[in-house]
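[1] Predicted model and sequence below, questions to follow.
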Amino acid sequence: MGGAERGILVSGNWKMNENHFEALKLIQELAALLRSGGVPEGREASVHPPFTSIRTVQTAVETDHVPLSLGAQDCHHADRGAFTGEVSAEMLAKLNVVYVIAGHSERRTYCGETDEQVRAKVDAIYRNGMRPIVCVGEHLAERQAGEAVAKVRSQVAAVFSGRSAEQVAAAVVAYEPVWAIGTGESATPEDAETMCAEIRAELVAQAGAQAGSARVQYGGSVGPDSAGELLAQENVDGLLVGGASLDAGKFVAILHAGA
């Protein structure tokens, strides 16, 4: 079963970019391109604006029937409470968010998020009827030491152990080699395929064969030039796109790559 059978998800992580005026302009540009070119069969696109722009993007997408799924970049593990500055999964669900990123390498690196905290966030995402995009990946030193596979599989196990096959199958796991994020470097398609296959194997080990139908994305300085070859790999079911997702033309080109 390749990515075409499981369906391909291309997700644009806008990170800390685009105020709500800029977000509206970007969605309008995406809408125009998608109206003329459509979304290839068997593919789906999600956009993940910053929290302050989600309501603006939601309104634009729903009003203009833009073929995009709404996403968020993070959430808190509790549904409500005395957590100043945090945003809950319950709040996101009320905005019709479909996908929530959990455990992005930047959150793990800059905010010290642990596997346990990521698991708690994934619990909240499931609890509120949304689907997680769980990010896993290794640092350069771990890769050079031959520890990349063990590190990534341990991150997968920490989040998905003890869950039902149905729940795991509904998830997305994004492999993001930390050494390739924002550096202009990219893992080779063969590197991406190898690690995405390991992730799928760990999902099956944790929850059984059905869990293997979860989609596995690659993320790490993805652009239009590299997207087609990455999506052609057997175990790469999509892409988590950073900087290129802020350019409507590039993002749509990535969505269409190899289709």
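    Done, it's in.

[2] Give the helix, strand or coil label for Ser11.
    Classification of Ser11 by DSSP: H, G, I helix; E, B strand; the rest coil places it in strand.

[3] same for the helix or strand Leu203 falls within, what does it pack against?
    Per DSSP states H and E: Leu203 is located in helix 189-207. On a contact count with 3 or more Cβ pairs under 8 Å, 6 or more residues apart in numbering; DSSP states H and E, helix 189-207 meets helix 148-160, helix 165-169, strand 172-175, strand 215-218, helix 224-231. Yep, even glycine has a C-beta here, placed from its N, CA and C like the rest.

[4] ok, and for it, which residues are buried?
    189, 191-196, 198-200, 202-204, 206-207 (16 or more other Cβ atoms under 10 Å).

[5] ok, now stretch 38-50?
    In stretch 38-50, counting by 16+ other Cβ under 10 Å, buried: 39-40, 43-50.

[6] Check stretch 26-34 too.
    Neighbour-count burial for stretch 26-34 [16+ other Cβ under 10 Å]: 26-27, 30-31, 33-34.

[7] before we move on, what about stretch 219-235?
    Result for stretch 219-235 [16+ other Cβ under 10 Å]: buried residues 219-224, 226-227, 230-231, 233, 235.

[8] what do you get for stretch 237-255?
    Counting neighbours by 16+ other Cβ under 10 Å, stretch 237-255 gives 237-248, 250-255 as buried.

[9] Next: stretch 209-217.
    Neighbour counts using 16+ other Cβ under 10 Å place 211-217 of stretch 209-217 among the buried residues.

[10] Please apply the same query to stretch 120-129.
    Residues 120-126, 128 are the ones in stretch 120-129 that count as buried (16+ other Cβ under 10 Å).

[11] Out of these, name the ones that lie in strands.
    In strands, judged by DSSP state E, none of the buried residues of stretch 120-129 are found.

[12] Please produce JSON lines containing those, extended by distance to Thr109 and pLDDT.
    Below are the buried residues of stretch 120-129 laid out as JSON lines (distance: Cβ to Cβ, whole Å; pLDDT from 0 to 100):
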{"residue": "Ala120", "distance to Thr109": "19", "pLDDT": "98"}
{"residue": "Lys121", "distance to Thr109": "16", "pLDDT": "98"}
{"residue": "Val122", "distance to Thr109": "19", "pLDDT": "98"}
{"residue": "Asp123", "distance to Thr109": "22", "pLDDT": "98"}
{"residue": "Ala124", "distance to Thr109": "22", "pLDDT": "98"}
{"residue": "Ile125", "distance to Thr109": "21", "pLDDT": "98"}
{"residue": "Tyr126", "distance to Thr109": "25", "pLDDT": "98"}
{"residue": "Asn128", "distance to Thr109": "26", "pLDDT": "98"}
